[in-house]
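> This is a predicted model, with the sequence first.
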Amino acid sequence: MHLLPGDLIRLVETPKEKAKDAVEALGGADGIAYALNVSLDAGLFGADVADLQQRQETYGKNYIEPSKPATLLALMWHAFQDLTIIVLTGAGVLSLILGFTVGHKEKVLRNATTTRALAGNAGTAWIEGFSILLAVTIVVMVTALNNYQKDKQFRALNAVKDDEKIKVIRDSEPCEVSKFDLVVGDIVRLDVGDILPADGLVLTSSDLKLDESAMTGESFLMLKDKTKAPFLFSGTKVMEGMGTMLVLCVGASSQAGMISA
């Protein structure tokens, strides 16, 4: 393989007006396929596990790490932002302070007999404030734990949902592979409704138009072909036509991966 991950990233990021020249400088689609050691007719060989693993080691897996989950402490702080919790905390602190200070002052001002009667009250006056603060702490912790469990389950569901089947050509035959098993050099078949799983180079196209608003913010459809707009980006959606593409960048090296990083 003569093209390194950095070479492919720079190729995909080539400005549109220079894209055709950049592809031709590498010998066109045939030259790029040769550099990636893949046949444009047969695709990769699914039985060659060593080759597939080598491609993953060299170019990375087609998996984008999700953002780190919030810590339990951060979730507790978020739960504490509730107005009711803040008011109760203030009331608890105030009650706690009064329980210690007011009882002490009364003890000094009253006579010895009354002091002994109030001493017991002063000694337990702090319990009300402490009880409020304890209740607030329990509510905050329970809320944070519930949110932590929900986030964990949500991430697990997302992992299952994201593992879709991708239509590729391997061993000269159309087949499907897991999105996470897609590697650089794979040939992907594109149809209406498909969301591109990686960055790639157009091999064939028939009125192929994509919605790239998720990538560029532009609402109009982009016509893709081998000459004027040969590069395709992960996360964009096929709205019209069909085609095939040669996978160039996957996972964290793809445009979607770099944006989410």
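Looks like it arrived, so ask away.

> in the stretch 51-200 of the chain, which segments are predicted with low confidence?
For the stretch 51-200 of the chain, the stretches flagged by pLDDT under 70 are 102-125, 159-161.

> Give the buried residues for stretch 133-142.
Neighbour counts over stretch 133-142 (16 or more other Cβ atoms under 10 Å) mark 133, 136, 139, 140 as buried. The way it works is simple: take the backbone N, C-alpha and C, and place the C-beta from them, glycine included.

> excluding its backbone neighbours, what's nearest the last one?
What sits nearest to residue 140 in space, not counting adjacent residues and going by Cβ to Cβ, 6 or more residues apart in numbering, is residue 79, at 4.8 Å.

> tell me which element that neighbour falls in.
Per DSSP states H and E: residue 79 is located in helix 72-80.

> hey, C-alpha coordinates of that helix in PDB?
What follows is helix 72-80, C-alpha atoms only, in PDB (Å, rounded to 0.1, in the frame of the first residue of the first chain):
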ATOM      1  CA  LEU A  72     -21.600  11.000  38.600                       C
ATOM      2  CA  LEU A  73     -20.300  14.100  40.200                       C
ATOM      3  CA  ALA A  74     -21.200  16.200  37.200                       C
ATOM      4  CA  LEU A  75     -24.700  14.700  37.100                       C
ATOM      5  CA  MET A  76     -25.100  15.500  40.800                       C
ATOM      6  CA  TRP A  77     -24.200  19.100  40.200                       C
ATOM      7  CA  HIS A  78     -26.700  19.200  37.300                       C
ATOM      8  CA  ALA A  79     -29.400  17.800  39.600                       C
ATOM      9  CA  PHE A  80     -28.500  20.400  42.200                       C
END
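
> Now do the domain split for the protein, please.
Listed by the TED database, the domain ranges of the chain are 5-63+180-260, 72-108+120-161.

> Put together TSV for the ones you listed, with distance to residue 168 on each row.
Formatted as TSV, the domains of the chain follow (distance: least, Cβ to Cβ, whole Å):
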stretch	distance to residue 168
domain 5-63+180-260	5
domain 72-108+120-161	20
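
> can you list the residues that contact stretch 83-98?
Residues from elsewhere that reach stretch 83-98 (Cβ atoms under 8 Å, 6 or more residues apart in numbering): 79-80, 125-126, 128-133, 135-136, 139-140.

> ok, which pair from those residues is furthest apart?
Based on Cβ to Cβ, the longest span within the contacts of stretch 83-98 runs between 79 and 125 and measures 28.7 Å.

> which residues touch stretch 153-167?
Outside stretch 153-167, the residues that reach it (Cβ under 8 Å, 6+ apart) are 66, 69, 174-180, 182, 188-191, 194, 197.

> The same query, at a cut-off of 6 Å, please.
Outside stretch 153-167, the residues that touch it by Cβ atoms under 6 Å, 6 or more residues apart in numbering are 176, 177, 178, 179, 182, 189, 197.
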